[in-house]
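**Q** I need the structure of the sequence given here:
(2 chains)
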Amino acid sequence: DAGVIQSPRHEVTEMGQEVTLRCKPISGHNSLFWYRQTMMRGLELLIYFNNNVPIDDSGMPEDRFSAKMPNASFSTLKIQPSEPRDSAVYFCASRGTGGRQPQHFGDGTRLSIL
Amino acid sequence: GESVGLHLPTLSVQEGDNSIINCAYSNSASDYFIWYKQESGKGPQFIIDIRSNMDKRQGQRVTVLLNKTVKHLSLQIAATQPGDSAVYFCAETGHTGNQFYFGTGTSLTVIP
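**A** Here you go, the predicted model:
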């Protein structure tokens, strides 16, 4: 079975540019999560969706960050304009329905803002 | 200036020995707990989970123990192998069961 798929795997761009990260959750999962991981702060939850609806975006650091989930099989995390301090690994995870279920992670996008 | 990052607890074990990784959680209302393994360049990988109505759960070479009295979770890995070298995270759910709260992780190094 295909797991969570993220693209691109690596992104290097100059500050001020728009960055779009993409995620395809596991088919049938109804919850999707975006995380950021850095050495300084560890793994931080940015936003999560249930049934394509954003439930909690309190972790989104600034208005420069936005996330969408137009359908059950696709989500984007956008940073505009990007800044060097946004450099991190961004993970997407999805979770199935019914009781207590683990989140399943993609392999992340390593983002470097120069 | 020098940057200061998270100080990850580290554990080094000899190949073939058993490993025990510990985790303290803070929310007494949490009812679901998960252990993840993260290898370099990869996302966290689910290892084993346990619900709060259980004290122990076993998988293949791994055992999770839950002590709700002291809010402590542990992961035991039997006959540790070089492929077990990774960072291990515990995660707990809050009372909603939707959000997971991750610990800072423990770095396990297996010495051949």
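**Q** and the most centrally placed residue in chain A, bridged to which residues?
**A** Nearest to the mean C-alpha position of chain A, by CA atoms, centre = their mean, lies residue A:34 at 3.2 Å. Here residue A:34 sits in beta bridges with residue A:47, residue A:92, going by DSSP bridges.
**Q** Residue A:11 and residue A:19 touch, don't they?
**A** Yes. Assessed by CB atoms under 8 Å, residue A:11 is found in contact with residue A:19 at 6.2 Å. C-beta: built from backbone N, CA, C; applies to glycine.
**Q** can you list residues touching both of the two?
**A** Contact criterion CB atoms under 8 Å, 6 or more residues apart in numbering or on different chains; residues shared by residue A:11 and residue A:19: residue A:111.
**Q** Can you show me the strands along chain A?
**A** Along chain A, counting by DSSP state E, strands occupy A:5-7, A:10-13, A:19-24, A:31-38, A:42-50, A:53-56, A:65-71, A:74-79, A:88-95, A:104-105, A:109-113.
**Q** Show the pLDDT at the residue sitting furthest away from the middle of chain A.
**A** Relative to the centre of chain A, and counting by CA atoms, centre = their mean, the farthest-placed residue is residue A:99 at 23.3 Å. For residue A:99, the pLDDT comes out at 72.
**Q** now do residue A:46
**A** Per-residue pLDDT puts residue A:46 at 96.
**Q** Out of the helices and strands in chain B, which is least certain?
**A** strand B:100-102 (a mean of 87; mean pLDDT, DSSP states H and E).
**Q** Low-confidence regions, chain A specifically.
**A** Scanning chain A for pLDDT under 70 picks out A:1.
**Q** Which positions in it make contact with chain B?
**A** Residues of chain A lying close to chain B (CB under 8 Å from any CB of the partner chain) are A:4, A:31, A:33, A:38-43, A:45, A:48, A:50, A:55-56, A:91, A:93, A:100, A:102-108.
**Q** 7 Å instead, please
**A** A:31, A:39-40, A:42-43, A:45, A:48, A:55-56, A:91, A:100, A:102-108 (CB under 7 Å from any CB of the partner chain).
**Q** Give the buried subset of the residues you listed as a PyMOL selection command.
**A** A single PyMOL command selects the buried members of the residues of chain A next to chain B (16 or more other CB atoms under 10 Å in any protein chain shown):
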select buried, chain A and resi 31+42+43+45+48+56+91+102+103+104+105+106+107+108
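**Q** mind checking how far the closest residue in space to residue A:29 that isn't next to it in sequence is from residue B:28?
**A** Leaving out its chain neighbours, the residue that sits closest to residue A:29 by CB to CB, 6 or more residues apart in numbering or on different chains is residue A:94, at 3.8 Å. Distance of residue A:94 to residue B:28, computed by CB to CB, to the nearest Å: 28 Å.
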